[in-house]
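Student: What follows is a predicted structure for the sequence shown.
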Amino acid sequence: MSDEIAAANEGTTPVREGFAFDEGALAGWMQANVPGFAGLTRIEQFKGGQSNPTYKLVTPGGNYVLRRKPPGELLKGAHAVDREARVMSALHAAGFPAPRVHGLCTDDSVIGSWFFVMDMVEGRIFWDAALPGMTPDERAAIYDAMNATIARLHSLDPEAIGLGDYGRRSNFFARQLATWTRQYREAEDAGRDPDMDRVIDWLEANMPADDESFGIVHGDFRIDNMIFHPTEPRVIAVLDWELSTLGHTGSDFAYHAMMYHMPPHIVAGLASGRDLPAGIPAERDYLATYCRRSGRCAMPGYGYYLAFNFFRLAAIMHGIKARVIRGTASSANAAQRAEAFPQLAQIAWSLAQAADRGR
């Protein structure tokens, strides 16, 4: 299955029908905004990128990446490439491994929608969280690097790096639950699911009180959203910041730890029904390491955070399903991803029930 996932997401294709734009207009914008730009050789579209279409810009002086809002009717607040560009610029300047952003364009007349251009970082992307073909020591080092990177992100002071107003600092779960519930219910063409409706009610009834665990959160921190050094167990770029905000850092870690409960055929997951591959830490140990690095004693709301994050990912996949139906999906494998929606809703409900039993 890991080979199938990699084949569906890795590399580029010719720009797909409905996603082309005026290359001359882009070249003119880059000439004015990207230092050292020496002309476009060709444009390709990355296979991945479920939400915002992503392109490889090949030039004589090096390669760039362009992220844009998709064409067509969009949900309010979605596809915020301006927020992606802002957070990545601030994090790059602070020394965190985020690609350098060269510029943001909010003029729809250039290529038809807002976009930004950033450096293309060359390295390794692991599509399979089980890391097949690696030794136990290599797996342990990769997982430790991920753990250290998310702990480092959560330790950054938003005010100190210019992101103090990047999100609100209270009522995180109430606001997030309202946002994703609204998006789920507004996408009526994609249908409803009884597990999804049950877990929404449970999340509302069991919402934890706010605490002080607020900071910069990525919102989609997965192994396949990171680029690792070509030979070293080191994260050199964290990608896909569309869902980032100021939020609950414990919940952000739980999203990352969803891999322990995620079937590998959906997104990079370890829940295959077999023992963990040698070298990959158990979930409780991985959580304990993060808590130690982030200065926590424990994470008592962890069960709620897991159920919430599976609900949120299910809502995202439901949105992808709606875009497939409308013909505006950004990724070539969007229909396959959309099929995961009911299973994600079922897992969310199972985790909610498990959290109840664990009290």
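Tutor: Arrived safely, thanks for sending. Numbers count the residues shown, from 1 in each chain.
Student: if I look at Leu203, how far off is Thr181?
Tutor: 9 Å (CB to CB, to the nearest Å). Placement of C-beta: from N, CA and C, glycine included.
Student: do Asn309 as well
Tutor: 14 Å.
Student: who's more crowded, these two?
Tutor: Asn309 (24 against 18; other CB atoms under 10 Å).
Student: check contacts around the more buried one.
Tutor: Ser251, Ala254, Tyr255, Met258 (CB atoms under 8 Å, 6 or more residues apart in numbering).
Student: possible to save those residues as JSON lines with distance to Phe21 and pLDDT?
Tutor: JSON lines is the format used below for these (distance: CB to CB, whole Å; pLDDT from 0 to 100):
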{"residue": "Ser251", "distance to Phe21": "36", "pLDDT": "95"}
{"residue": "Ala254", "distance to Phe21": "38", "pLDDT": "97"}
{"residue": "Tyr255", "distance to Phe21": "32", "pLDDT": "97"}
{"residue": "Met258", "distance to Phe21": "34", "pLDDT": "97"}
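Student: Following element in sequence after the helix ranked longest in the chain, please.
Tutor: The longest helix of the chain (DSSP state H) is helix 302-326. Under the assignment DSSP states H and E, the closest C-terminal helix or strand after helix 302-326 is helix 334-338.
Student: mean confidence for that next one?
Tutor: Helix 334-338 carries an average pLDDT of 76.
Student: ok, Arg68 - contacts?
Tutor: Phe21, Asn52, Pro53, Thr54, Tyr55, Val81, Ile111, Ser113, Trp114, Phe115.
Student: Now the first one: closest residue in space that isn't a chain neighbour?
Tutor: Distances taken as CB to CB, 6 or more residues apart in numbering place Ile111 nearest to Phe21, at 3.8 Å, with adjacent residues excluded.
Student: Counting neighbours, which bits of stretch 84-97 end up buried?
Tutor: If you call a residue buried by 16 or more other CB atoms under 10 Å, then stretch 84-97 has these buried ones: Glu84, Ala85, Arg86, Val87, Met88, Ser89, Ala90, Leu91, His92, Phe96, Pro97.
Student: closest to Glu138 among these?
Tutor: Pro97 (19.5 Å; CB to CB).
Student: Next one: that closest one relative to Tyr286, how far apart?
Tutor: Separation of Pro97 from Tyr286 (CB to CB): 20 Å.
Student: quick one on the thing from earlier: quick one: which of the buried residues of stretch 84-97 sit in helices?
Tutor: The helices, defined by DSSP H, take in Glu84, Ala85, Arg86, Val87, Met88, Ser89, Ala90, Leu91, His92 from those.
Student: Next secondary structure after the lowest-mean-pLDDT helix or strand in the chain?
Tutor: Between all helices and strands in the chain, the lowest mean by mean pLDDT, DSSP states H and E belongs to helix 2-9, at a mean of 54. Later in the chain than helix 2-9, the nearest helix or strand by DSSP H and E is strand 12-13.
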